[in-house]
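In: Show me how the following folds:
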Amino acid sequence: GKPYTVRTHGVKANIIDFTLSRMQQDDKVFFFDMSQDEWLFEGEGDLQFDVYRKMKEATKNDWSEHRPKTNVYWIHYMADKLLNEKAADISQADRKSVKKKLKDFISRACRMKSASRLVQDKVFEDVIAEV
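Out: Here you go, the predicted model:
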């Protein structure tokens with residue numbers, strides 16, 4: 001891969017839970033077989049459960065394979081949370097503009113086939129740069 005820099009504008013993020021993640025090291029794949037926990041796909045009341053159902057469809061319930069679109073689903077989820085739960089923390093003067101930008105971002109992100117394609121999109125041209 002290529003090295004990149006990301007201008008964070010002071011924003012920091014931490015990944016706090018790898019429980020349902022998938023990773024590959026050399027030829028070895030580590031993953032949580034979500035097909036064993038049907039309750040994950042039965043939840044209601046939060047976009048998170050819709051993401052699980054979309055992931056199940058995208059993976060055909062085979063969790064050992066890398067399916068790049070599933071990362072896009074989680075980006076949509078996080079942007080939706082910012083839009084619907086954190087936008088209230090923004091000043092009234094900026095709120096309408098920020099909400100429009102987030103809605104546009106979500107629409108654009110959902111059309112992408114992978115998170116790597118998304119970060120190469122013009123929406124990130126002022127944030128991510130090749131070293």
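
In: who's in contact with residue 110?
Out: Contact analysis of residue 110 by CB atoms under 8 Å, 6 or more residues apart in numbering lists 72, 76. Heads up, the C-betas are built off the backbone N, CA and C, glycines and all.

In: change it to 6 Å
Out: For residue 110, the contact set (CB atoms under 6 Å, 6 or more residues apart in numbering) comprises residue 76.

In: again, but for residue 101
Out: If a contact means CB under 6 Å, 6+ apart, then residue 101 has no contacts.

In: In this protein, where is pLDDT below threshold?
Out: 1 (pLDDT under 70).

In: Any idea how many residues pack against the closest residue to residue 114 other than its chain neighbours?
Out: Distances taken as CB to CB, 6 or more residues apart in numbering put residue 68 closest to residue 114, at 3.3 Å, once the chain neighbours are dropped. Burial of residue 68 is recorded as 14 neighbouring residues (other CB atoms under 10 Å).

In: pretty sure residue 87 is touching residue 102, no?
Out: No - Residue 87 is not in contact with residue 102 according to CB atoms under 6 Å; the separation is 7.2 Å.
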